[in-house]
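# Pasting a predicted model and its sequence here:
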Amino acid sequence: APVTGGACGAFQAFSLFVKAKEVPAAARCPAGGEGVRWRCCRLAFEELSGIHRHVALQHAGDIGQQAGLTEAGQQAGLTAKQAAAEVSPLSVPAPAGNADGLNGHSRGSPEISCTLPDTSHISYDVLTSKVGEVLLYYCYCEVKDPEKLCAWQKALCQHLHLTGKVRVASEGINGTVGGSKVATNLYIEVMLSQPLFKDILCQEDFKSSAGGAHCFPDLRVGVFKEIVPMGIDPKIVSHKETGIHLSPQEFHREVEQYLSQASQGQSDTILLDCRNFYESKIGHFQGCLAPDIRKFSYFPSYVDENLELFKDKRVLMYCTGGIRCERGSAYLRSKAVCREVYQLKGGIHKYLEEFPDGFYRGKLFVFDDRYAICSNEDIISACRYCGTLWDQYKLCSSQHCRQLVLTCPSCHNKGLTACCSVCQEKELKVTSGASGQTLKEECECTRRRLRVPIEHVSQRTLDAGK
């Protein structure tokens with residue numbers, strides 16, 4: 001029977017999934033044959049038929065998601081489970097050990113390569129070493145088949161034992177992944193060789209910091225409408241309408257000039273931090289305007305409510321790695337109130353690589369289990385309870401809250417571990433074994449915080465660079 005487009009997608013997703021479960025040759029049994037060749041769900045498999053049978057029976061749902069089957073394919077009677085179950089050792093396009101079998105391009109999106117790197121020469125211990133790094137990157141490009149790119153990314157990260165978060169959309173890809181140095185180097189190499197990113201993504205677009213796979217609880221790869229959640233359709237506000245990119249050196253000079261003019265009351269510039277309040281709280285550029293917003297999706301409303309603030313101003317924008325500025329600056333420019341809009345290329349990450357003791361003070365917040373990385377010894381934030389200098393976040397101790405809290409060791413030892421009095425009371429009730437109604441997921445921190453703050457900033461304050 002002829003193989004439909006949906007079946008091709010399912011077969012390819014099946015091959016990618018099996019390939020990702022392969023044990024590197026160096027980690028196999030050194031004597032007595034090939035030994036274990038695949039591992040999945042804490043099970044070991046020596047025969048190809050065994051891993052195929054396991055995947056078909058236990059991971060049909062995963063195969064369906066990776067295949068991205070079309071509605072037409074489903075109507076034709078090919079579901080993800082059927083596609084996985086029908087694959088036998090004889091019908092797989094290529095053996096799981098052959099990376100060349102993953103290079104085929106599906107019709108409609110020939111620009112996406114599904115290649116996985118050869119890791120047979122790398123020992124398992126080296127590939128999974130806890131001494132590694134965390135990568136941060138993004139790439140805006142036209143993606144005709146986001147589901148296929150998503151499936152490849154998931155297989156690639158699993159193959160290299162990487163953890164983290166990757167967002168795929170028709171407008172591009174945005175990711176932060178952690179793993180061994182060998183694994184992250186291979187990841188960058190494969191990403192740069194991906195035809196989809198050719199002449200767009202380059203080596204310097206990857207920001208790195210000390211870390212590893214342990215910095216994330218798991219791997220999450222998915223298809224979304226936006227690669228950074230601003231809440232506005234990319235077709236309405238496109239990254240193509242972004243502000244003027246400034247290198248770290250150029251941005252440094254601009255900030256230096258801004259601070260000099262502001263101290264004399266002559267500045268026509270706003271240094272805008274477009275991150276969330278809990279990020280700027282522990283680290284920011286001197287003299288910046290840091291909106292008191294909780295999510296980036298609130299940024300457009302913040303701009304709308306404070307248009308007068310930006311009227312006829314030169315705006316210098318920055319964020320962690322640059323991606324929020326791509327959309328944020330485009331939105332600000334769409335309002336046609338600013339004289340000029342600039343943004344820091346590569347974000348704070350790249351700036352700190354060149355100016356660790358520059359105009360950025362404090363820690364750099366990161367969205368993983370480290371919460372922050374540092375380049376200088378400055379502490380600009382304080383313990384919520386006693387006010388002593390402190391900048392190491394922990395999750396609120398209440399099981400009903402996911403807010404971050406700054407509580408110093410002394411206060412933590414006293415049991416002050418919640419983000420606010422409401423959560424602290426809830427925690428006491430839980431630990432004391434109090435019974436009753438299920439506590440609502442509400443928090444004093446969020447209930448009292450304005451969703452979109454209106455700035456009451458005088459010209460004098462702006463001129464002073466505060």
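Thanks, I have it. Residues are numbered from 1 along each chain as shown.

# pretty sure residue 278 contacts residue 365?
Yes. Counting by Cβ atoms under 8 Å, residue 278 touches residue 365, with 6.9 Å between them. For every residue, glycine as well, the C-beta is placed using N, CA and C.

# part of a strand, is residue 343?
Yes. The assignment for residue 343, made by DSSP: H, G, I helix; E, B strand; the rest coil, places it in a strand.

# any weak-confidence spans in the stretch 151-300 of the chain?
For the stretch 151-300 of the chain, no stretch has pLDDT under 70.

# need the helices for it, in chain order.
181-193, 248-263, 277-280, 299-305 (DSSP state H, counting those that start in this stretch).

# Out of those, flag the one nearest residue 391.
Nearest of these to residue 391, taken as Cβ to Cβ: helix 277-280 at 11.0 Å.

# pull the CA atoms of that closest one into PDB?
The C-alpha trace of helix 277-280 is given here as PDB (Å, rounded to 0.1, in the frame of the first residue of the first chain):
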ATOM      1  CA  PHE A 277      10.100  43.000  38.300                       C
ATOM      2  CA  TYR A 278      11.600  40.000  40.100                       C
ATOM      3  CA  GLU A 279      14.400  39.900  37.500                       C
ATOM      4  CA  SER A 280      15.300  43.600  37.700                       C
END
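
# mind listing what's buried in that helix?
For helix 277-280, burial by neighbour count (16 or more other Cβ atoms under 10 Å) applies to 278, 279, 280.

# Repeat that for stretch 336-343.
For stretch 336-343, by 16+ other Cβ under 10 Å, it's 337, 338, 341, 342, 343.

# and which of those residues is nearest to residue 256?
Using Cβ to Cβ, these come closest to residue 256 at residue 342, 14.0 Å.

# residues contacting residue 243?
315, 317, 325, 329, 330, 332, 333, 340, 341, 342, 343 (Cβ atoms under 8 Å, 6 or more residues apart in numbering).

# which residues does the last one bridge with?
With beta bridges defined as DSSP bridges, residue 343 has these partners: residue 245, residue 317.

# Can you give me every residue that contacts it?
242-246, 316-318, 322, 325-326, 328-329 are the contacts of residue 343 under Cβ under 8 Å, 6+ apart.

# try the fifth one
The neighbours of residue 330, taking Cβ under 8 Å, 6+ apart as the test, are 237, 238, 239, 240, 241, 242, 243.

# Nearest residue to the fifth one in space, please, no chain neighbours.
Read it as residue 241. Excluding its sequence neighbours, the residue lying closest to residue 241 (Cβ to Cβ, 6 or more residues apart in numbering) is residue 330, at 4.3 Å.

# One more: the second one?
Using Cβ to Cβ, 6+ apart and skipping residues adjacent in sequence, the residue nearest residue 238 is residue 330, 6.3 Å away.

# List the buried residues of the helix or strand where that neighbour lies.
For residue 330, the element it lies in under DSSP states H and E is helix 323-334. By 16+ other Cβ under 10 Å, the buried positions in helix 323-334 come out as 323, 324, 325, 326, 327, 328, 329, 330, 331, 332, 333.

# got it, and stretch 140-155?
In stretch 140-155, the ones that count as buried by 16+ other Cβ under 10 Å are 140-141, 143, 145-155.

# from those residues, which is closest to residue 219?
So of these, ranked by how close each gets to residue 219 (Cβ to Cβ), first place is residue 154, at 7.3 Å.

# which of the contacts of residue 343 lies closest to residue 299?
Distances from residue 299 to these, taken by Cβ to Cβ, are shortest for residue 328, at 5.6 Å.

# The closest one and residue 299 touch, don't they?
Yes. Between residue 328 and residue 299 a contact is recorded at 5.6 Å, counting by Cβ under 8 Å.

# Find residues that contact each of those two.
Among the neighbours of residue 328, those also in contact with residue 299 (Cβ under 8 Å, 6+ apart) are 230, 274.

# Please list all residues in contact with residue 217.
Residue 217 touches 163, 369, counting by Cβ under 8 Å, 6+ apart.

# Correct me if wrong, but residue 53 is in a strand.
No. Assessed with three-state DSSP, residue 53 is helix; it does not lie in a strand.

# where's it relative to residue 43, distance?
11 Å (Cβ to Cβ, to the nearest Å).

# Please say which of the two ends up with more neighbours.
Using other Cβ atoms under 10 Å as the criterion, residue 53 and residue 43 rank with residue 53 on top: 16 against 13.
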